[in-house]
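**Student:** Let me see the structure of the following:
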Amino acid sequence: MKCQKCRQKAIIKISRANAKYCKPCFNEFFVSQIRRSLLKDKMVSSDDRILVAVSGGKDSLALWHVLIHSGYRTAGLHIDLGIGGYSESSSEKVEAFTAKFQQTLYSYRLKEAHEMGIVELSRELDRSPCSACGTIKRYHFNRFAIQNGFTVLATGHNLDDEAARLLGNLLRWQEEYLLKQSPVLEKNEDGFVKKIKPLYRLSEYEVAAYSFLNQLDYVVEECPMSQSAPMLVYKKALNLIEHHSPGTKHQFYLSFLENQKKKPLNGLPLELRPCSICGQPTPAAVCGYCKIISRFPGRVEHVISD
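**Tutor:** Numbers count the residues shown, from 1 in each chain. Have a look, this model is predicted:
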């Protein structure tokens, strides 16, 4: 098997593109897909300060690695969810990466803020851990970026994540979420920082291959709290289709984005207002995060350190 670009020995096959690459040519392909997203979708400019939401998994570390080597000004924000050994390992991977590439890392530790981790917190709230986790992460990533002068928040959602999310939204015909599903959400006057997903053209397999080939040390196992999450079921279904028809995921999600540009779904965006407690944007009088922490009065909050 030979690399289609340089004719050296190929080490990876990308079935959806019917392409085979050696390591240098695969790296070139991988980085070009991210830079294409950054430039074509006008995600960032050279003046932007980018806050990378970094979990310790392959996606966020691979994204940060490419942004660093592309010359962008970045820093990372890691949220330690307090899930025993999994969170400890995740924090260690992020800290090791930060030290190796001499970057700035900010950390938020849920147990320091609320005296309990996401498992105990979600149990007290009678909510699924994924639901509470999403609310807490979105709140702190946006709030920290706004308060510290970051102009862009970058997350490591890949093609598999976005295709699974689209499938879930379509199965339930959730127009509100379909309207918001995009790799770029612009900054708005309601108090949201600009959010970007530069990995949306790359599959989970391709991100894992880049991380392995470039010796990025990341947490391999899935979050133990996500094992019953519907997203994993949607991913399995899409992987089965992709196995029989390579390129389906790519076509499914990118065709949705193209169609949205040509013929957007009808619907009005949510009307937002400042949360009466914290001032963050919310469609209700009190935002989801403040509703959560109001259940635990007296607990320390908003602890972010570097």
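
**Student:** for His250, what are its contacts?
**Tutor:** Shown in contact with His250 (CB atoms under 8 Å, 6 or more residues apart in numbering): Arg16, Leu159, Arg201, Ser203. C-beta: built from backbone N, CA, C; applies to glycine.

**Student:** Against Glu258, how distant is it?
**Tutor:** Using CB to CB, to the nearest Å, we find His250 at a distance of 12 Å from Glu258.

**Student:** confidence score at the closest residue to Ile196 other than its chain neighbours?
**Tutor:** Nearest residue to Ile196, sequence neighbours excluded (CB to CB, 6 or more residues apart in numbering): Met43, at 4.2 Å. Here the pLDDT value assigned to Met43 is 97.

**Student:** most remote residue from the protein's center?
**Tutor:** Relative to the centre of the chain, and counting by CA atoms, centre = their mean, the farthest-placed residue is Arg7 at 34.8 Å.

**Student:** Helix, strand, or coil at it?
**Tutor:** Three-state call for Arg7 (DSSP: H, G, I helix; E, B strand; the rest coil): coil.

**Student:** Look up the pLDDT of it for me, please.
**Tutor:** pLDDT, Arg7: 95.

**Student:** Likewise for Glu162?
**Tutor:** Reported pLDDT for Glu162: 97.

**Student:** Which strand or helix spans it?
**Tutor:** helix 159-171 (DSSP states H and E).

**Student:** again with Ala285
**Tutor:** For Ala285, there is no helix or strand it lies in under DSSP H and E.

**Student:** Am I right that it is in contact with Ser276?
**Tutor:** Yes. In terms of CB atoms under 8 Å, Ala285 counts as a neighbour of Ser276; the distance is 5.4 Å.

**Student:** one step back: and the residue farthest from the centre of the chain, how far from Phe101?
**Tutor:** From Arg7 across to Phe101, the span is 33 Å (CB to CB).

**Student:** which residues in the stretch 51-200 of the chain form helices?
**Tutor:** 58-69, 84-100, 110-114, 118-125, 129-147, 159-171, 175-180 (DSSP state H, counting those that start in this stretch).

**Student:** Pull out the buried residues from the last one.
**Tutor:** Counting neighbours by 16 or more other CB atoms under 10 Å, one finds that the buried residues in helix 175-180 are Leu178, Leu179.

**Student:** The longest strand along the chain pairs with which strands, and in what direction?
**Tutor:** Assignment by DSSP state E gives strand 73-80 as the longest strand of the chain. With DSSP bridges as the test, strand 73-80 is paired with strand 49-53 (parallel), strand 105-109 (parallel).

**Student:** quick one: Thr98 from Ala163, how far?
**Tutor:** As judged by CB to CB, Thr98 and Ala163 stand 30 Å apart.

**Student:** Please, which helix or strand holds Gln251?
**Tutor:** Assigned by DSSP H and E, Gln251 falls within helix 248-262.

**Student:** Past that helix, which element shows up next along the chain?
**Tutor:** Following helix 248-262 in sequence, per DSSP H and E, is strand 273-274.

**Student:** Heading C-terminal from that following strand, find the next helix or strand.
**Tutor:** As assigned by DSSP H and E, the chain's next helix or strand after strand 273-274 is strand 281-282.

**Student:** show me where pLDDT drops low in the chain?
**Tutor:** Within the chain, the segments meeting pLDDT under 70 span 264-270, 297-306.

**Student:** could you redo the last one with a cut-off of 90?
**Tutor:** Low-confidence segments of the chain (pLDDT under 90): 1, 110-136, 173-180, 187-192, 222-229, 260-306.

**Student:** And the helix or strand where Leu39 lies, what does it pack against?
**Tutor:** Element membership for Leu39, per DSSP H and E: helix 23-40. Here helix 23-40 touches helix 58-69, helix 204-213, going by 3 or more CB pairs under 8 Å, 6 or more residues apart in numbering; DSSP states H and E.

**Student:** and the helix or strand that the last one is followed by, how far out from the chain's middle?
**Tutor:** What that stands for is helix 204-213. Counting by DSSP H and E, the next helix or strand C-terminal to helix 204-213 is helix 230-244. Counting by CA atoms, centre = their mean, to the nearest Å, helix 230-244 is centred 19 Å from the centre of its parent chain.

**Student:** what about the closest residue to Leu167 other than its chain neighbours, distance to Asn169?
**Tutor:** Ranked by CB to CB, 6+ apart and with sequence neighbours excluded, the top spatial neighbour of Leu167 is Tyr234, at 4.7 Å. Going from Tyr234 to Asn169 by CB to CB gives 10 Å.

**Student:** Pick out the most distant pair among the contacts of His250.
**Tutor:** Spatially, the most separated pair among those is Arg16 and Arg201, at 10.6 Å (CB to CB).
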